[in-house]
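1. with the input below, show me the fold.
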Amino acid sequence: MIEFNDRIVDEIETALNDALMEGAENIAAESKKNVPEDTGELKESCKVEASGHLEAEVIYDAVYAARIHEDMNMRHRKGQAKFLEDAFNNMAGSVGKLAEGKVAEAIRE
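-> As a prediction, this is how the structure comes out:
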């Protein structure tokens, strides 16, 4: 039987946070595979940040990032619109499994 105490709760939160950050990094890497490239500025503007308690964000902060991401009519020599949304949708399950594994490991320790 697992006895939940402050230590185990802290370990679970740490495991979840680690999983969220690793998952966000994986989503960022996946999204970069489909980022439209002209100068490379958009791809280079990608960053991952902790945004709150058990929250992570993948951010493209180039001034034109939102327009490039959302405009389905714009044609690109390389890459596509919805590059971040598609990466998130494709990887959401793997991030959940990553979190599950890290929490299970924390509980076993």
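2. ranges for the strands of this protein?
-> Here the chain has its strands, by DSSP state E, at 46-52, 55-60.
3. in a markdown table, list the ones you listed along with distance to Glu70 and mean neighbour count.
-> (Glycine included, C-beta is placed from N, CA and C.) Below are the strands of the chain laid out as a markdown table (distance: least, C-beta to C-beta, whole Å; neighbours: other C-beta atoms under 10 Å):
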| stretch | distance to Glu70 | mean neighbour count |
| --- | --- | --- |
| strand 46-52 | 16 | 14 |
| strand 55-60 | 12 | 17 |
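4. among the ones you listed, which is nearest Glu105?
-> strand 55-60 (19.1 Å; C-beta to C-beta).
5. turn the strands of the chain into TSV, including distance to Glu105 and mean pLDDT.
-> Listed next are these as TSV, based on distance: least, C-beta to C-beta, whole Å; pLDDT from 0 to 100:
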stretch	distance to Glu105	mean pLDDT
strand 46-52	21	95
strand 55-60	19	96
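6. and those strands as TSV, adding distance to Met21?
-> Supplementary listing: the strands of the chain in TSV, determined by distance: least, C-beta to C-beta, whole Å:
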stretch	distance to Met21
strand 46-52	7
strand 55-60	5
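7. between those, which one is nearest to Glu100?
-> Short answer: strand 55-60, nearest of the strands of the chain by C-beta to C-beta, at 16.5 Å.
8. what helices or strands is the closest one leaning on?
-> Contacts defined by 3 or more C-beta pairs under 8 Å, 6 or more residues apart in numbering; DSSP states H and E place strand 55-60 against helix 6-32, strand 46-52, helix 83-108.
9. which of these sits most buried?
-> helix 6-32 (a mean of 17; mean count of other C-beta atoms under 10 Å).
10. pick out the residue nearest the middle of this structure.
-> Ala24 (2.0 Å; C-alpha atoms, centre = their mean).
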